[in-house]
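>>> Turn this into a model:
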Amino acid sequence: MKAEHLKKFFPRKGDPDAVDLNTRLEELKSQGGTNGVLKKLATEAATGIIGDEKDLRRRKQVFGRNVKPLAQQATFIESIKQTAQDRVWWVATGSAAVATIGNALTWDIEGLGEGLAIIIAIALIIIVTSLADWLKDRRFVELQSYIKDETVPVVRGKFGATQSVNVWDLVVGDIILLETGARVPADCLALEAADLQVNEQPDADGGAGGRRNKSAVGSGTDSSGGDPFLLADSVVARGQCKALVCCVGAASTRGIKGDKLDTESDTALQAKLKNLTNQFITMALVAAFAIFVLLLIVFIFSLWGSLEAKEDEKGPVGLVLAVLP
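Below is the predicted model:
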């Protein structure tokens, strides 16, 4: 039995070809029911798989590994774009650009170099800040991955004997025991269930998710009268069950890619600090504009006074030139 056949039991998120429960139960019946699936996966409900290194390696090669999905971190370029959105850099870069253009028009080489140096310094600060944020997010993703490490009771090799195994070390064919509060570590098929109810993730099968009743079906070809399909990341809300691991890693409904890491949303404290920063920037811009207007007025009066002084100097000189023969 291949992974493609097992994937038919579990609807994928957003898959237009996903089938309803009755169709999946018919597919299970065509495979010989739960006993047929157990036989084709070379496992047993009472003893599980052999579980030695050779058996585990073979199952990982055939069905894939149960890869831990990590949050998708923003790229370094996206981090630069996010840092460059700060108004402080806009104001500083705009002021430096205006100064540089003004110095270029007046052929002030020294002033032109200062303006370009400021722009280059701002670019370096943005790059260094973005690199620090990117490394911080990368470390956060690594730390967040440790939270997902859990263990689950697994039946391997011995009748009724269980051992605790990390959920990311599970392989297809493992027999696991789930109780209230446990998270389903992979796409599983319920073999035995007692008052089982699970909370499924939204849009797991095109619906809204929520709490659903689950139950084991007939062990033979009679696969009617229940819903034995447990989707990865569902949470057991009530009851307990023994389940067969069917799909792991990329073949499971969870996949191997986590949600994108949210670095744009601000906490309440960050929002207040950003609001305070914007107020300071606005006040600084108003003060800078007022100083600019005052300096412009002073410059105009100084220029006017210089022109009047030159006119006064022309008076006596013209009189002398007129008196001289």
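>>> Return the set of buried residues in stretch 29-46.
Buried residues in stretch 29-46, counted by 16 or more other C-beta atoms under 10 Å: Lys29, Gln31, Gly32, Gly33, Thr34, Asn35, Gly36, Val37, Leu38, Leu41, Thr43, Ala45. Backbone N, C-alpha and C define where each C-beta goes, glycine included.
>>> Show the residue spans covered by the helices in the stretch 1-150 of the chain.
Residue ranges of the helices in the stretch 1-150 of the chain, as given by DSSP state H, counting those that start in this stretch, are 3-7, 21-30, 33-40, 53-63, 76-84, 87-105, 109-147.
>>> Switch those helices over to a markdown table; also include mean pLDDT.
As requested, the helices of the stretch 1-150 of the chain are exported to a markdown table (pLDDT from 0 to 100):
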| stretch | mean pLDDT |
| --- | --- |
| helix 3-7 | 80 |
| helix 21-30 | 84 |
| helix 33-40 | 88 |
| helix 53-63 | 90 |
| helix 76-84 | 85 |
| helix 87-105 | 77 |
| helix 109-147 | 83 |
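>>> tell me the domain ranges of the chain?
3-67+151-255, 69-147, 267-325 (automatic domain parsing).
>>> from memory Trp168 sits against Thr151, does it?
No - using C-beta atoms under 8 Å, Trp168 makes no contact with Thr151, being 10.1 Å away.
>>> Show me which of the two is the more surrounded one.
Trp168 (17 against 12; other C-beta atoms under 10 Å).
>>> Now render the buried residues of stretch 29-46 as a markdown table, adding distance to Lys272.
Formatted as a markdown table, those follow (distance: C-beta to C-beta, whole Å):
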| residue | distance to Lys272 |
| --- | --- |
| Lys29 | 60 |
| Gln31 | 59 |
| Gly32 | 63 |
| Gly33 | 60 |
| Thr34 | 57 |
| Asn35 | 62 |
| Gly36 | 61 |
| Val37 | 56 |
| Leu38 | 58 |
| Leu41 | 56 |
| Thr43 | 56 |
| Ala45 | 57 |
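>>> Looking at these, which is nearest Glu4?
When the buried residues of stretch 29-46 are compared for distance to Glu4 (C-beta to C-beta), Gln31 wins out at 12.4 Å.
>>> residues touching the closest one, list them.
Applying C-beta atoms under 8 Å, 6 or more residues apart in numbering, we find Gln31 in contact with Met1, His5, Val37, Lys40.
>>> go again using 6 Å as the cut-off
Neighbouring residues of Gln31 by C-beta atoms under 6 Å, 6 or more residues apart in numbering: Val37.
>>> repeat for Pro228
Leu189, Ala190, Ala216, Val217.
>>> Need the pLDDT of it.
You'll see Pro228 listed with a pLDDT of 88.
>>> So what does it look like in phi/psi?
phi -90, psi 0 (degrees, to the nearest 10).
>>> which SS class is the closest residue to it other than its chain neighbours?
Using C-beta to C-beta, 6 or more residues apart in numbering and skipping residues adjacent in sequence, the residue nearest Pro228 is Ala190, 4.1 Å away. Following DSSP: H, G, I helix; E, B strand; the rest coil, we place Ala190 in the strand state.
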